[in-house]
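A.B. asks: what follows is a predicted structure for the sequence shown.
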Amino acid sequence: MSNTPSRILPRHSIQVPPHPEWPSLTEAEKSALKASIRDLLGARKAVLVAHYYTDEDLQSLAEETGGYVADSLEMARFGTESDAETLVVCGVRFMGETAKILNPEKRVLMPDLRATCSLDEGCPAAAFTAFCDANPDHVVVVYANTSAEVKARADWVVTSSIALPIVKHLASQGQKILWAPDKHLGHYIERMTGAEMLLWDGACVVHEEFKSFALDRVRKLHPDAAVLVHPEAPDDIVDQADLVGSTTQLIKAVAELPNQEFIIATDAGIFWKMHQIAPHKTLIPAPTAGEGATCESCAHCPWMAMNALQSLEQALRNGDREILIDPAIRQRAVVPIQRMLDFARAHGIGQVRAF
């Protein structure tokens, strides 16, 4: 552990949208929309990539049409290996930007360009740049959940599955780390590595809502269940975990651990893939709600919910929801991303998974 406690900046305010209410679809309407989307994908020479946190209809459609369901970085890397001319990214905006950064020659569309992220929104580029400039003796390490402009100011971009070895490597060189934007993930890394870290005060609005006292109650009701926690969750949730890991690591744990029950502390969209690979396992959402709340677990990102069959079909039909990045920003942003990929390759880490 570092002898110097981490410093945390004041948080920038964000405005969380209400959950979008797309009209319910009948099975016939879903089938018609999916058929239209398939035709449009073919007409635009496009491939569909969806994040684990999106609606199960989108995840299944991506796999059925030769696309991909993954975390943000693997979504982008899949695009580099595809001969598709257009990438359609079902997720949040920074994922579309990452795809464009790594695939500048391809067109990148999203169902809804307003679909952002509390971590991204809570780390505005101008304020972040000023903070970095005020601390020039720190190596700047940013999480993938940031804008292209923030990535362009970073020395390293990391994902939740490779952040630990990279920060440990930097700490072994005596480097001081300026970390953004998720303070919970940053503090977890600091605890695990002993690095000296200056933390930006950002948080995921989904993971920050998990309730420790409620999780303890659920654990007592299911004493044989393994508790799986994403490191964006607060310390008092992480401390109750049997396993802490990225989305891919949590999915893998459900398939490989001997437990029959799992309590999952991350976005509920991940359940579709977990059920797909381990249909015989019981998955229990970790509680986010306090006493008297209307739902026991409301763990789903409102921005992710902007992705729907309807918005996807509109994006493909109109072709006007395109991710565009200033070439100078892209040229700078790709450098810290490539640095991470080179580190992974040099250290034999294998596939790098984001989120």
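C.D. replies: Happy to help now that I have it. Everything numeric here is computed off the predicted structure, so don't read it as measured data.

A.B. asks: low-confidence ranges, this protein, go.
C.D. replies: Scanning the chain for pLDDT under 70 picks out 1-14, 16, 18-21, 290-295, 350-355.

A.B. asks: could you chop it up by domain?
C.D. replies: 27-115+305-324, 119-205+330-346, 207-300 (automatic domain parsing).

A.B. asks: quick check: end-to-end length of the first one?
C.D. replies: Separation of the first and last residues of domain 27-115+305-324 by C-alpha to C-alpha, to the nearest Å is 35 Å.

A.B. asks: and that domain, how far out from the chain middle?
C.D. replies: Relative to its parent chain, domain 27-115+305-324 has a centroid offset of 16 Å by C-alpha atoms, centre = their mean, to the nearest Å.

A.B. asks: surely Leu341 is in a strand?
C.D. replies: No: counting by DSSP: H, G, I helix; E, B strand; the rest coil, Leu341 falls outside a strand, being helix.

A.B. asks: can you give me the neighbour number for Gly194?
C.D. replies: 15 (other C-beta atoms under 10 Å). From N, CA and C alone the C-beta is placed, and that goes for glycine too.

A.B. asks: can you show me the strands along the stretch 251-355 of the chain?
C.D. replies: 261-265, 282-285 (DSSP state E, counting those that start in this stretch).

A.B. asks: between the ones you listed, which gets nearest to Met192?
C.D. replies: strand 261-265 (17.5 Å; C-beta to C-beta).

A.B. asks: buried sites along that closest one?
C.D. replies: Residues 262-265 are the ones in strand 261-265 that count as buried (16 or more other C-beta atoms under 10 Å).

A.B. asks: what's the answer for stretch 225-243, then?
C.D. replies: 225-234, 237-238, 240-241.

A.B. asks: what's the spacing between it and its chain's center?
C.D. replies: Relative to its parent chain, stretch 225-243 has a centroid offset of 17 Å by C-alpha atoms, centre = their mean.

A.B. asks: just stretch 240-259 next, same as before
C.D. replies: 16 Å.

A.B. asks: first-to-last residue distance for it?
C.D. replies: Distance across stretch 240-259, first residue to last, is 16 Å (C-alpha to C-alpha).

A.B. asks: from the rest of the structure, what touches it?
C.D. replies: With contact meaning C-beta atoms under 8 Å, 6 or more residues apart in numbering, stretch 240-259 is reached by 52-53, 70-71, 74, 159-161, 188, 212, 215-216, 219, 224-231, 238, 262, 264-266, 270, 273-274, 277-278, 281, 283, 353-355.

A.B. asks: now swap in stretch 307-314 and tell me
C.D. replies: 20, 22-23, 25, 30, 33-34, 36-37, 40, 48, 50, 54-55, 57-58, 61, 88, 90-91, 111-112, 115, 321.

A.B. asks: let's see which of these end up in strands.
C.D. replies: Under the assignment DSSP state E, those contribute 48, 50, 88, 90 to strands.

A.B. asks: pretty sure the third one sits against Lys106.
C.D. replies: If I follow you right, that is Val88. No: the criterion here is C-beta atoms under 8 Å, and Val88 misses it with Lys106 at 10.6 Å.

A.B. asks: of those two, which one has the most company?
C.D. replies: Val88 (30 against 17).

A.B. asks: returning to what we had before: what is the nearest of the ones in strands among the contacts of stretch 307-314 to Pro327?
C.D. replies: Among the ones in strands among the contacts of stretch 307-314, Val88 lies closest to Pro327 (C-beta to C-beta), at 22.1 Å.

A.B. asks: what's around Cys298, how many residues?
C.D. replies: Neighbour count for Cys298, taken as other C-beta under 10 Å: 16.

A.B. asks: list the contacts for it?
C.D. replies: 209, 288-289.

A.B. asks: now do 10 Å
C.D. replies: Listed by C-beta atoms under 10 Å, 6 or more residues apart in numbering, the contact partners of Cys298 are 19, 206, 209, 268, 285, 287-289.

A.B. asks: likewise for Thr116?
C.D. replies: Counting by C-beta under 10 Å, 6+ apart, Thr116 touches 14, 17, 92-94, 147, 301, 303, 306.

A.B. asks: run a quick neighbour tally on Glu85.
C.D. replies: 12.

A.B. asks: brain fart, Thr282
C.D. replies: Neighbours of Thr282 under the rule other C-beta under 10 Å: 12.

A.B. asks: quick check: bridge partners of it?
C.D. replies: For Thr282, the beta-bridge assignment (DSSP bridges) gives partners Glu261.

A.B. asks: and it, how far is that from Val238?
C.D. replies: For Thr282, the distance to Val238 (C-beta to C-beta, to the nearest Å) stands at 22 Å.
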